[in-house]
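Engineer: dropping a prediction and its sequence here:
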Amino acid sequence: MYRLFKLVLSVAVLLMACSQAFAYPDVSDSHWAIKQITDLTEKSVIVGYPDGTFHPDENVTRAEFAAMAIRALGQEHTKVAQPVHFTDVTEDYWAYSDIQKALFFDLISSDKEGDLFRPEDNVSRAESISVAVNALTTATISDEKAMEVLTQKYTDATTVPQWFLIPAGKAEILNMIVNVPSATGRLEATRPATRAEVAAILFNMMEQAKLNPNAKLAEAMRKKTGDGFVIDEATVQGSVGTIPAGTIVPIKLNTYVSSQTTQGGVMYTAIVPQNYVTKDHFILIREGAGLRGQVLDVRPGKYFVRNGVLVLKNALITTENDQTTRFNGLAEIRKDRNWWMKFVRWAFKGEKLEVEAQGYAYMKLLQPVKVDLTNGWIYEK
């Protein structure tokens, strides 16, 4: 039963549930960490228990903390090419991916293959504060300087583990050390961190990382730029770009389609032929993204009856992140004609429509598309 409870809790930490307002019955408005708990809950970095409570004084496992830290930094969609293997964390472990990302971004370290990660151990205050400091670019300080700033405020500074001395000193200089009101004046470095403390530590890390992320995070958090098909109507707010509904974009079909031979309902595939970019050249959708849909409406052109009709309905896109999500649009195949040929086709009908394999069509988006400009992740509704 205990293992089942731990599993339920672990899954809850990873849920990306969207809520508008949070009022945990066991976290009063006067709780010392109410602001941080509320903010991180709204951002889906942390979640409550299934019964709606938060349990601010409960502990957090090392695996749970790794998952929370990656989400707090907005890097849950990052792909890690060369994972590090821990003997106690297999690829099917629920937090395997988050632990690998925490290693990749230098939030935690591993000296060699085969180390133990201890995913089910409680994360200590020292470990959680160190992760927060590791997420940042900080000035170098000596052991002596670290001890100097710590002993000015904490009565137990001399008991700090040697490995934590420099991170603790940096955290104090940056005003990032979190203390519950009952522990004022003590670091309590080796004590397991509570859920409330973790919320406050992650909140501090998020705020500092906006200003001085470490080198790997800075690169990951940078909006990517490039050339391509410019969407003038696209908007950018922070790191999120939005392609509005009604935008017309080029697509390149992988197979031949024709008003004369293609059957209605048949599936088609296509690709994005060049980057879709904003007017400032921030990349919205990368070249090569795969598109899938079906022929929505097809009618052959017949002389003195009608011109051909060929309409494609796109449904899905698969991006460079291997994310497959909705990408709804209509591509109504037409031919560019001068005024005379337009008159001829209007008067006599019979126009045939086709797109060769590797040929282009233009698709009108039916819904807005929101994209994380730092990693190309499309926000799903």
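Structural biologist: Everything's here; your move.
Engineer: need the longest helix for the chain.
Structural biologist: Ranked by number of residues, the top helix in the chain under DSSP state H is helix 195-211.
Engineer: could I get the full set of strands for the stretch 151-300 of the chain?
Structural biologist: If DSSP state E, counting those that start in this stretch is used as the criterion, the strands of the stretch 151-300 of the chain fall at 229-230, 235-237, 240-243, 248-253, 257-258, 267-271, 276-277, 283-285, 290-299.
Engineer: so which of those strands is nearest residue 160?
Structural biologist: Minimum separation from residue 160 across the strands of the stretch 151-300 of the chain (C-beta to C-beta) falls at strand 240-243, 40.4 Å. Yep, even glycine has a C-beta here, placed from its N, CA and C like the rest.
Engineer: run a quick neighbour tally on the closest residue in space to residue 104 that isn't next to it in sequence.
Structural biologist: Nearest residue to residue 104, sequence neighbours excluded (C-beta to C-beta, 6 or more residues apart in numbering): residue 80, at 4.8 Å. Close neighbours of residue 80, defined as other C-beta atoms under 10 Å, add up to 14.
Engineer: which SSE is residue 80 in?
Structural biologist: Assignment of secondary structure by DSSP states H and E places residue 80 within no helix or strand.
Engineer: wasn't residue 325 part of a strand?
Structural biologist: Yes: Residue 325 sits within a strand when classified using DSSP: H, G, I helix; E, B strand; the rest coil.
Engineer: thought it was touching residue 291?
Structural biologist: No: in terms of C-beta atoms under 8 Å, residue 325 does not count as a neighbour of residue 291; the distance is 11.6 Å.
Engineer: list the contacts for the spatially most central residue of the chain?
Structural biologist: Nearest to the mean C-alpha position of the chain, counting by C-alpha atoms, centre = their mean, stands residue 77 at 4.4 Å. Counting by C-beta atoms under 8 Å, 6 or more residues apart in numbering, residue 77 touches 321, 323, 372, 375, 377.
Engineer: give me the number of residues near the residue nearest to it when sequence neighbours are not counted?
Structural biologist: In space, not counting the residues next to it along the chain, residue 77 is nearest to residue 377; the distance is 4.4 Å by C-beta to C-beta, 6+ apart. Using other C-beta under 10 Å, residue 377 is surrounded by 19 other residues.
Engineer: for residue 377, what are its contacts?
Structural biologist: 77, 319, 321, 323, 371.
Engineer: show the contacting residues for the fourth one.
Structural biologist: Just to be clear, that refers to residue 323. With contact set as C-beta under 8 Å, 6+ apart, residue 323 has these partners: 77, 377, 378.
Engineer: how close does the second one sit to residue 220?
Structural biologist: Read it as residue 377. Going from residue 377 to residue 220 by C-beta to C-beta, to the nearest Å gives 12 Å.
Engineer: check the first one too.
Structural biologist: Distance, residue 77 to residue 220, using C-beta to C-beta: 10 Å.
Engineer: can you list the buried residues in stretch 31-46?
Structural biologist: 31, 32, 33, 34, 36, 37, 38, 39, 40, 41, 45, 46 (16 or more other C-beta atoms under 10 Å).
Engineer: tell me the two of the residues you listed that are most distant?
Structural biologist: Using C-beta to C-beta, the two most remote members of these are 32 and 45, lying 18.4 Å apart.
Engineer: helices or strands up against the longest helix of the chain?
Structural biologist: helix 34-42, helix 62-72, helix 125-134 (3 or more C-beta pairs under 8 Å, 6 or more residues apart in numbering; DSSP states H and E).
Engineer: now those helices as a markdown table including mean pLDDT?
Structural biologist: Below are these laid out as a markdown table (pLDDT from 0 to 100):
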| stretch | mean pLDDT |
| --- | --- |
| helix 34-42 | 95 |
| helix 62-72 | 97 |
| helix 125-134 | 98 |
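Engineer: can you pull out the helices in the protein?
Structural biologist: 2-14, 34-42, 62-72, 96-104, 125-134, 143-151, 162-173, 195-211, 215-220, 339-348.
Engineer: my guess is residue 143 contacts residue 167, does it?
Structural biologist: No: Residue 143 is beyond contact range of residue 167, at 11.6 Å (criterion: C-beta under 8 Å).
Engineer: looking at those two, which is more packed in?
Structural biologist: Neighbours per residue (other C-beta under 10 Å) separate residue 143 from residue 167, with residue 167 holding more: 22 against 11.
Engineer: do I have it right that residue 334 meets residue 354?
Structural biologist: No: counting by C-beta under 8 Å, residue 334 stays clear of residue 354, with 11.6 Å between them.
Engineer: neighbour count winner among these two?
Structural biologist: Each of residue 334 and residue 354 has its neighbours counted (other C-beta under 10 Å); residue 354 has more, 16 against 12.
Engineer: and that one, what does it touch?
Structural biologist: By C-beta under 8 Å, 6+ apart, residue 354 lies in contact with 256, 257, 258, 259, 260, 310, 333.
Engineer: most surrounded residue in those residues?
Structural biologist: Result: residue 310 is most packed of the contacts of residue 354 (other C-beta under 10 Å), 26 neighbours.
Engineer: residue ranges in this structure under the pLDDT threshold?
Structural biologist: Low-confidence segments of the chain (pLDDT under 70): 1-22, 111-114, 341, 345.
Engineer: excluding sequence neighbours, find me the nearest residue to the residue of it most remote from its centre.
Structural biologist: In the chain, counting by C-alpha atoms, centre = their mean, residue 304 sits farthest out from the average C-alpha position, at 54.5 Å. Leaving aside its chain neighbours, residue 304 sits nearest to residue 349 (5.6 Å; criterion: C-beta to C-beta, 6+ apart).
Engineer: next: residue 155.
Structural biologist: Nearest residue to residue 155, sequence neighbours excluded (C-beta to C-beta, 6+ apart): residue 185, at 5.4 Å.
Engineer: residue 359 too?
Structural biologist: residue 253 (5.8 Å).
Engineer: the one you found: neighbour count?
Structural biologist: As a burial measure, residue 253 scores 22 neighbours (other C-beta under 10 Å).
Engineer: that concludes my questions; thank you for your assistance.
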